[in-house]
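# Build me a model:
(chains A and B)
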Amino acid sequence: MEGTSIHEYDVIVIGGGGAGLYCALEAGRKAKTAVLSKLYPIRSHTGAAQGGIGAALGNVEEDRPEWHAFDTVKGGDYLTDQRAALILAEEAVKAVYHLENIGLPFNRTPDGRIDQRRFGGHTRNFGEAPVRRACYAADRTGHMILQTLFQQCVKQDVVFFDEFFLLDVFIDRGRCSGLAALELATGKVHFFRAKAVLLATGGFGRMFRITSNAHANTGDGPAVLARRGLPLEDMEFFQFHPTGMRGLGILITEAVRGEGGILKNRKGERFMEKYAPTLLDLAPRDLISRAMLTEIKEGRGIKADRSADDFLLLDATGLGRETIAAKIPEISEFCRTYLGLDPAEEPIPVQPTAHYAMGGIPTDEHGRVLSDEKGTTVEGLYAAGECACVSVHGANRLGTNSLVDLVVFGRRAGLAIADSIAQADFPSFPKGATEAVLEKLTRLRAAKPGPSPEGIRDRLQEVMMQKVGIYRKGKDMEEAVGEIADLRNQYRWVGLRDRGQAFNTELLDILELGNLLDLAYVTASCALQRRESRGAHAREDYPERDDPNWLRHSLAWLKEQRVVIGSKPVDISLWPPKPRRY
Amino acid sequence: MKIILEIRRFNPEKDRDPSWQKFELDALPNDRLLDVLLHVSRVLDPTLGLRKSCGHGICGSDAMVINGKERLACKTLIKDVAEREAAAIRIEPLKTVPVEKDLMVDQSPFFAHYRKIKPYFSNPEPVAGKERLQTPAERSRIDDATKCILCAACYSACPVRQEKNAAFVGPAAIVQAARFNEDSRDRGFADRLPALDDPDGVWPCESRFECTRVCPRGIKVTWLINLTKKRIGEYRKSRQEEKPDPK
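Take a look at the predicted model:
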């Protein structure tokens, strides 16, 4: 095939963030491994995580993994698979020590151990009071994790293909045989044959207008699998982080509240007293985001105009300059750069920002991708990190647990892959698969410029923000599903204006938009289907959680013009579901 | 307000020489320059090549030369670089590295230099207990260096690299070395030494402070380079005391 290359690796990891790199380190010890990343790997969005990584080390006060697991289950509004949550909490401890041992510069206690601080929804003794569980490196914990893992990859000489964009994954009769990727530098398509493929492509918050997510967070892995006929799990659950910087959506870490910051309305009231009398400003994110919207709707936002762009204040002035400098210096810098304010002097204007996908590619506890409600695995195909759904986050993720998820399940997937590939052989590509990839790309490259991709993206982000946001209504979501279907139709006529081969960023942008459209379509369809309120999915027309009918995971299949939704049971073997109060 | 972007364009696929292209557009004083550039590349001229990702100064994708100074486009507000109506903002790719397309540069020389100094934690001693202990004071000694996001702004701004010696490993690599050399838990200094104590290692640095001036993370880069020079001197001295020079 002219203009293409074929490579062969035991293991291909897609995505150079925390989950991908951790997997590559583990798998790379036993197998010929390469990491493909559409960015330079050190640019991945793991680096933007701020506040901490939760682990019951008990370094500053008593703590236990069972408490962490329970908080995770309750935080997820009982949609969390409970034994998976226990694995998460138990292995978090080991993972944090391992990260320290390979150099991660955690903040320290006076006696030199890893310091820990409070974070939303993390409690002592099954909900009694906040506990210090988040291990942190100032407010750049994700940056340090990403740097540390990348450094170890350099040490271990892991092979990287930088700026390779995932086009397709080849699956035939329940087995993955490899993938196709576009090399940004040349515009060439590369095919990779592999015994195992791990998807660690991160989140897809860019389907919303106001988001903390990077431009790169377009859900490439889940979108490709959805188009390949695999289901996605719990896509209706998308977390809005309460404290995004007003208008920009840039994340202001929960650690600001963990260190003592307080949310206030226009009357200067600490409004969380009404909504979560025990945990107050350290209640889980779904609850605080809803409380903020309620304050705004009832006219107590700062502008008091009840509008979508009204906001509230995060007051960190009580922390003192020294604590701000030592514990949340990045936040201080963001505020100076983008808002021209000093958080030691003035409160920070905040509004909820689309932050994290609880749903994604269904996997088991070893990162193996599942193809149906019965738990059938796809041989040789794995997923980990935000793009995956184990599910440890259920209907709402707790703060710090995204980083825990990356390192625990990135590592577990790496170990599972290393164990499995010794006896595996190289499968061959399904007939016609490579030609189909090339054909599709040739078609896109030859198409005349049609509708503006920018217009489609703007409309998509607006629709998702307005109609599939924090509070949802059946009628709105019906409209959203219709509008997204329409946008997907328009997208079929999009063409390229840049006809160059090398570094064609327009091509990348358009491919990413296609992924966002498909995932938004699934998200809106799942949200419309679930007629209850649970965790981050809050319906005004069905305001209560409905366990008898809806205590189940959704599994959604994208079929060209419609989404078919099935379900699978939730593991509730450890803690029976209870009403969720904080 | 009205602004004029003057962007240095170069596409090796079709251009023989770089040229300047002007875009006149409206922007708000508080807009991020990155957002304005994305408007250009997504609406006005999709052939414009630039990199971006996080959009708030932590991923290091969008370092470029803005009005003569290396900065991150996402951490630069219009009002920071356009003081008055219809002001021109000149935007160029980073220097001392090959241009791939417009504002995109080949980062491989930068990362090759980074890798050369062995930028990773190294300590073969087994860990006694769970974590290696480190006092808050020891931890704070490496804080500044750990902020580095490898954006290559310093690498571009370095006058030694620009004028004299493109083989100089450059400021960022030395910052990475210092991040580990100064870590009380690390034992890898001797492994890093050959790349640092080398004619293209720390020694070409003339302490001209351009790296410190442009660092979007506010790292005291030159200070860390000088600290590294000092550590090399101390190490040499300690070796001589251990093992007297046969000459």
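# Helix, strand, or coil at residue A:71?
Secondary structure state of residue A:71, per DSSP: H, G, I helix; E, B strand; the rest coil, is helix.
# So it versus residue A:581, what's the distance?
Residue A:71 sits 13 Å away from residue A:581, going by C-beta to C-beta, to the nearest Å. (C-beta placed from N, C-alpha, C; glycine too.)
# Look at these two and report which has more neighbours.
For the pair residue A:71 and residue A:581, the greater number of neighbours falls to residue A:71 (27 against 12), based on other C-beta atoms under 10 Å in any protein chain shown.
# Any buried residues in stretch A:269-277, and which?
Of the residues in stretch A:269-277, those buried under the neighbour-count criterion (16 or more other C-beta atoms under 10 Å in any protein chain shown) are A:271, A:272, A:275, A:276.
# Chain B: which of these is nearest?
Checking the buried residues of stretch A:269-277 against chain B by C-beta to the nearest C-beta gives residue A:272 as the nearest, at 26.0 Å.
# Relative to the whole chain's centre, how far out is the helix or strand where residue A:99 lies?
In this assignment (DSSP states H and E), residue A:99 forms part of helix A:82-101. Average the C-alpha atoms of helix A:82-101, do the same for its chain, and the two points are 18 Å apart (C-alpha atoms, centre = their mean, to the nearest Å).
# And the contacts of that helix?
Around helix A:82-101, the neighbours that count as contacts under C-beta atoms under 8 Å, 6 or more residues apart in numbering or on different chains are A:53-57, A:65-69, A:72-73, A:76, A:106, A:114, A:135, A:145, A:148, A:365, A:390-392, A:401, A:404-405, A:407-409, A:411-412, A:571-575, B:127, B:130-132.
# And residue A:343, how close does it get to residue A:323?
For residue A:343, the distance to residue A:323 equals 11 Å [C-beta to C-beta].
# And for residue A:398?
According to C-beta to C-beta, residue A:398 stands 23 Å off from residue A:323.
# So those two - more neighbours on which side?
It is residue A:398, of residue A:398 and residue A:323, that has more neighbours when counted by other C-beta under 10 Å, with 29 against 14.
# Okay, and which of the contacts of helix A:82-101 map to helices?
Within the contacts of helix A:82-101, membership in helices is found for A:65-69, A:72-73, A:145, A:148, A:401, A:404-405, A:407-409, A:411-412, as judged by DSSP state H.
# now the angle between helix A:65-75 and the helix holding residue A:99, please.
Helix A:82-101 and helix A:65-75 meet at an angle of 120 degrees, taking axes from the mean of the first three to the mean of the last three C-alpha atoms, to 10 degrees as the criterion.
# In helix A:82-101, which residues are buried?
Along helix A:82-101, these residues count as buried under the neighbour rule (16+ other C-beta under 10 Å): A:82, A:84-93, A:95-101.
# Enumerate the residues of the stretch 301-450 of chain A near chain B.
By C-beta under 8 Å from any C-beta of the partner chain, the part of the stretch 301-450 of chain A that sits against chain B consists of A:330, A:333, A:334, A:337, A:338.
# and with 6 Å instead?
When proximity is defined by C-beta under 6 Å from any C-beta of the partner chain, the stretch 301-450 of chain A lies next to chain B at residue A:337.
# where do the strands sit along the stretch 301-450 of chain A?
Ranges of strands in the stretch 301-450 of chain A, per DSSP state E, counting those that start in this stretch, are A:312-315, A:348-357, A:361-362, A:368-370, A:377-383, A:388-389.
# Can you check which of those gets nearest to residue A:222?
For the strands of the stretch 301-450 of chain A, the distance to residue A:222 is smallest for strand A:361-362, at 5.3 Å, taking C-beta to C-beta.
# Quickly run through the sheet partners of the closest one, with directions.
Using DSSP bridges, strand A:361-362 pairs in its sheet with strand A:388-389 (parallel).
# if I pick residue A:348, what's in contact with it?
Each residue near residue A:348 by C-beta atoms under 6 Å, 6 or more residues apart in numbering or on different chains is listed here: A:314, A:335.
# ok, 7 Å please
When contacts are counted by C-beta atoms under 7 Å, 6 or more residues apart in numbering or on different chains, residue A:348 touches A:252, A:313, A:314, A:316, A:335.
# which one of those has the most neighbours?
Within the contacts of residue A:348, most neighbours by other C-beta under 10 Å means residue A:252, with 30 neighbours.
# Would you check how far apart residue A:277 and chain B are?
Per C-beta to the nearest C-beta, to the nearest Å, residue A:277 is found 34 Å from chain B.
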